[in-house]
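Participant: Fold the stuff below for me.
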Amino acid sequence: MKKEDERVKNLINKGTSRRSFLKTIGIGSLSLGLGGLSAPSVFASQKEKRFMFSGPDIVNTLDPAGHMDVGRSYSRLNFYDGLFRWRDNPPVLQPWLAESYKATPDRLRYTVALRKGAKFHDGTEVTSEDVVFSLERLLTLGTGAAAVFAPLIEPKSTRAVDRYTVEFNLKKPFAPFIGLTHFLHVLNKKVLLRHEKDGDLGSAWFGATGSKLGPDGVGTGSFAIEWYSPGEGFDAVRFKDHFWPWNHPHLEKVGYRGVKEISARMLALMKGDFHGELGYTPYEQWEKAVKSPNVQMVQQPSMRLFYFAIHNRKPPMNDVHVRRAICYAFDYEGWIKDMLHDQVDRNIGPVPNPMWGSLDPKTEFGYVHDLNKAREELKKAKVDIKKYLPIEMNPLAGYANQTNACEVMQACLRKIGITSVLVPKTWPTITQLSRKEETTPLLWANYRSTYYTDPQNWIGEMFDSDRWGSWATSCWYKNPKVDELLHKAVRILEKEEREKLYKEAGRLIVKDAGAVFVHNEKWTGLYNKDVRGFRFCPVGDANEWRWIYWA
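Facilitator: The predicted structure is shown next:
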């Protein structure tokens with residue numbers, strides 16, 4: 001039993017009170033707010049009971065322009081709205097703040113018609129000016145989804161045609177563009193400019209306080225913030241005036257608490273103090289949790305790719321033979337069978353198996369666990385790898401599967417003479433470090449989730465050198481031929497031709513050992529037995545709460 005499990009067990013055996021237990025495992029007091037605000041109690045009556053969600057991520061900002069990772073998608077999906085929204089499995093793109101769009105034949109201009117009457121949380125109407133402002137703000141700040149839009153749209157090129165019409169002008173054709181617009185979270189221009197300081201477009205105020213009900217209503221989402229503590233969590237209430245009718249069963253109150261220790265989260269879920277978990281829970285944890293009468297499990301196929309990002313331009317990884325040695329060293333079969341109990345599928349390339357454009361493991365080349373080949377590759381390397389030992393490897397803090405995978409990789413590398421040290425880092429730290437080539441981690445475990453359903457979401461966002469400077473491109477990979485294939489693939493609309501181009505690019509990336517591609521995951525969600533209505537979508541991973549209700 002791990003140390004954290006022992007600590008939790010001792011707390012229970014000692015008869016620790018619920019309040020003390022939650023504080024000890026890292027949730028903190030749930031009845032005390034910040035700065036004079038009061039966080040509503042979790043333990044209200046069933047009718048008013050707050051749906052409490054948990055995960056390993058620390059909520060350091062509620063500004064949707066500050067992040068785009070799935071680990072914090074619950075805040076983006078529930079407090080803010082985009083023009084379109086992906087829903088269900090397989091994902092379907094649905095008009096949301098927009099009603100429709102038109103594209104010119106050359107796919108360089110998209111004209112979007114907005115829904116009339118949609119309101120911000122302060123009651124003011126959403127207009128095209130807010131859409132334009134939100135995109136310009138995102139491009140100016142250069143964070144979050146700016147990495148997706150910046151290569152496509154020049155600042156100040158987006159135009160408000162009239163109160164309810166927006167025109168996007170692209171620098172180059174991009175076949176899946178409209179599927180990206182769920183990342184353009186529309187914010188209240190007047191409110192943010194009112195709180196602007198030193199040209200920050202309101203980001204300092206927004207990051208520190210979040211969007212409140214009343215005069216400071218920034219978002220339009222299904223729920224509105226009533227209490228927020230950076231680094232701890234938030235509570236929110238249903239936005240009754242949301243444009244989408246509330247003519248279905250729904251929640252009145254929701255909340256989130258960040259707890260890094262997964263055993264602590266599982267124990268709180270089994271006790272009924274938490275009612276939902278971020279998902280992709282490790283096998284050993286959900287196997288225990290589902291035995292509790294308070295827990296139910298939901299599984300869905302996903303398109304989440306697990307891989308090790310290798311810094312292709314930093315020694316000793318700038319030698320292709322070192323990278324190939326690492327790819328051959330990892331024990332894929334042992335990891336999938338023994339550690340993950342065959343709950344995932346082997347994925348050999350940069351596009352997940354369920355998506356068109358992926359490489360078939362049965363017919364295409366992919367790395368296998370072969371220590372002899374790994375040693376042969378090291379002998380071919382021109383770099384003196386001993387100068388760089390031990391190398392640093394980074395799992396994401398709070399993600400047990402990533403830590404376990406890094407431990408397996410560490411053991412495998414040791415067998416071919418490569419020593420390493422594991423240094424867990426938080427997601428905000430990783431994303432910040434990955435913005436610059438010199439600070440990007442050398443080798444780290446990561447997931448590439450579904451941000452939009454197109455091969456470009458994976459291979460294009462991760463390996464196009466034009467996109468360097470974000471966590472998605474932290475491999476700092478460059479192959480002129482791959483760039484050429486990827487640029488051509490997004491300029492055409494014919495699916496069959498695009499698929500050929502993506503597969504050709506994928507083969508080159510695998511040959512170059514651009515990363516260690518490991519597996520394609522299934523989504524495993526854990527909920528309280530009384531929760532109903534959850535809708536899974538690979539884009540957002542079931543973190544949209546407006547459909548959930550108490551039985």
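Participant: Regarding this structure, what is its longest helix?
Facilitator: What stands out as the longest helix in the chain, according to DSSP state H, is helix 495-511.
Participant: Please point out which parts of it sit buried.
Facilitator: Taking 16 or more other CB atoms under 10 Å as the neighbour-count basis, helix 495-511 is seen to contain the buried residues 498-499, 501-503, 505-507, 509-510. C-beta here means a position set from N, CA and C on the backbone, and glycine is covered the same way.
Participant: Just give me how far it sits from the chain centre.
Facilitator: Helix 495-511 sits 24 Å away from the centroid of its parent chain (CA atoms, centre = their mean, to the nearest Å).
Participant: Let me see the residues that make contact with that helix.
Facilitator: By CB atoms under 8 Å, 6 or more residues apart in numbering, the list of residues contacting helix 495-511 from outside reads 175, 348-351, 356-359, 364-367, 455-456, 459, 463, 477, 479, 481-482, 485-486, 488-490, 492, 515, 517.
Participant: Write the PyMOL selection for whichever of these are buried.
Facilitator: To isolate the buried members of those in PyMOL, using 16+ other CB under 10 Å:
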select buried, resi 175+348+349+350+351+357+358+359+366+367+455+456+459+463+477+479+482+485+486+489+490+515+517
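Participant: I'd like to know which of the contacts of helix 495-511 are part of helices.
Facilitator: Among the contacts of helix 495-511, the members falling in helices (DSSP H) are 459, 463, 481-482, 485-486, 488-489.
Participant: Quick check: the gap between C327 and H369.
Facilitator: C327 sits at a distance of 10 Å from H369 (criterion: CB to CB, to the nearest Å).
Participant: Sorry, slip of the keys, the one I care about is T127.
Facilitator: T127 sits 57 Å away from H369, going by CB to CB.
Participant: okay, those two: which has more neighbours?
Facilitator: Neighbours around T127 and H369, counted as other CB atoms under 10 Å, are more numerous at T127. The numbers are 20 against 16.
Participant: Relative to G219, how far out is the more buried one?
Facilitator: Note on T127: its distance to G219, by CB to CB, is 15 Å.
Participant: now do E136
Facilitator: 18 Å.
Participant: more neighbours, those two?
Facilitator: G219 (28 against 17).
Participant: ok now do the more buried one, which residues does it touch?
Facilitator: G219 neighbours (CB under 8 Å, 6+ apart): 64, 79-81, 120-121, 185, 187-188, 211.
Participant: again with E392
Facilitator: 420-421, 423, 441-443.
Participant: before we move on, what about A289?
Facilitator: Contacts for A289 (CB under 8 Å, 6+ apart) come out as 266, 269-270, 281, 295, 297, 526.
Participant: repeat that with 10 Å
Facilitator: Contacts of A289 were listed using CB atoms under 10 Å, 6 or more residues apart in numbering, and they are 265-267, 269-270, 277, 281, 295-297, 524, 526.
Participant: In the chain, where's the longest strand?
Facilitator: strand 295-310 (DSSP state E).
Participant: for the record, mean pLDDT for that one?
Facilitator: Averaging pLDDT along strand 295-310 gives 93.
Participant: any idea what N169 is structurally, helix, strand or coil?
Facilitator: Using DSSP: H, G, I helix; E, B strand; the rest coil, the structure places N169 in strand.
Participant: burial count for L114?
Facilitator: For L114, the count of nearby residues is 25 (other CB under 10 Å).
Participant: Quickly list what it is bridged to.
Facilitator: A98 (DSSP bridges).
Participant: Which pLDDT value goes with it?
Facilitator: L114 is given a pLDDT of 98.
Participant: excluding its backbone neighbours, what's nearest the residue nearest the centre of the chain?
Facilitator: Centroid check for the chain by CA atoms, centre = their mean gives V70 as the closest residue, at 2.0 Å. Distance criterion CB to CB, 6 or more residues apart in numbering; nearest residue to V70, sequence neighbours excluded, is S449 at 4.2 Å.
Participant: do the same with L485
Facilitator: Distances taken as CB to CB, 6+ apart put A505 closest to L485, at 4.1 Å, once the chain neighbours are dropped.
Participant: How about K288?
Facilitator: M266 (6.7 Å).
Participant: Same question for K49.
Facilitator: W550 (6.6 Å).
Participant: neighbours around the one you found, how many?
Facilitator: 18.
Participant: Was I right to think it contacts Y527?
Facilitator: No. With contact defined as CB atoms under 10 Å, W550 does not count as touching Y527 (11.1 Å).
Participant: Next, show the common contact partners of these two.
Facilitator: 51, 275.
Participant: what residues are up against the residue nearest to P301 when sequence neighbours are not counted?
Facilitator: Nearest-residue entry for P301: K522, 6.0 Å, with adjacent residues in sequence omitted and distances by CB to CB, 6+ apart. Shown in contact with K522 (CB under 10 Å, 6+ apart): 279-280, 299-302, 304, 340, 343-345.
Participant: show me where pLDDT drops low in the stretch 1-150 of the chain?
Facilitator: Applying pLDDT under 70 to the stretch 1-150 of the chain picks out residues 1-47.
Participant: mind running it again at 90?
Facilitator: Counting by pLDDT under 90, the stretch 1-150 of the chain shows low-confidence ranges at 1-48, 56-62, 66-75, 89-90, 143-144, 147-148.
Participant: Which stretches in it count as strands?
Facilitator: With strands called from DSSP state E, counting those that start in this stretch, the stretch 1-150 of the chain shows them at 51-55, 84-87, 92-95, 98-103, 109-114.
Participant: and F223, which of these is closest to it?
Facilitator: strand 51-55 (10.0 Å; CB to CB).
Participant: R85 against L77, yeah?
Facilitator: Yes. With contact defined as CB under 10 Å, R85 reaches L77; the gap is 8.1 Å.
Participant: Endpoint to endpoint, stretch 450-464 covers what distance?
Facilitator: 17 Å (CA to CA, to the nearest Å).
Participant: swap in stretch 324-341?
Facilitator: End-to-end for stretch 324-341, by CA to CA: 26 Å.
Participant: Could you do stretch 537-551 as well?
Facilitator: 22 Å.
Participant: Buried residues, it. List them.
Facilitator: 537-550.
Participant: repeat for stretch 512-527
Facilitator: Across stretch 512-527, burial judged by 16+ other CB under 10 Å covers 512-527.
Participant: ranking the contacts of G219 by neighbours, who comes first?
Facilitator: Neighbour-wise, the contacts of G219 (other CB under 10 Å) top out at P64, 30 neighbours.
Participant: what sits against that one?
Facilitator: Contacts of P64 by CB under 10 Å, 6+ apart are 72-73, 75-77, 79-82, 134, 138, 144-145, 183-187, 206, 211, 218-219, 221.
Participant: all helices of the stretch 201-350 of the chain, in order?
Facilitator: 203-209, 262-271, 283-289, 320-329, 332-334 (DSSP state H, counting those that start in this stretch).
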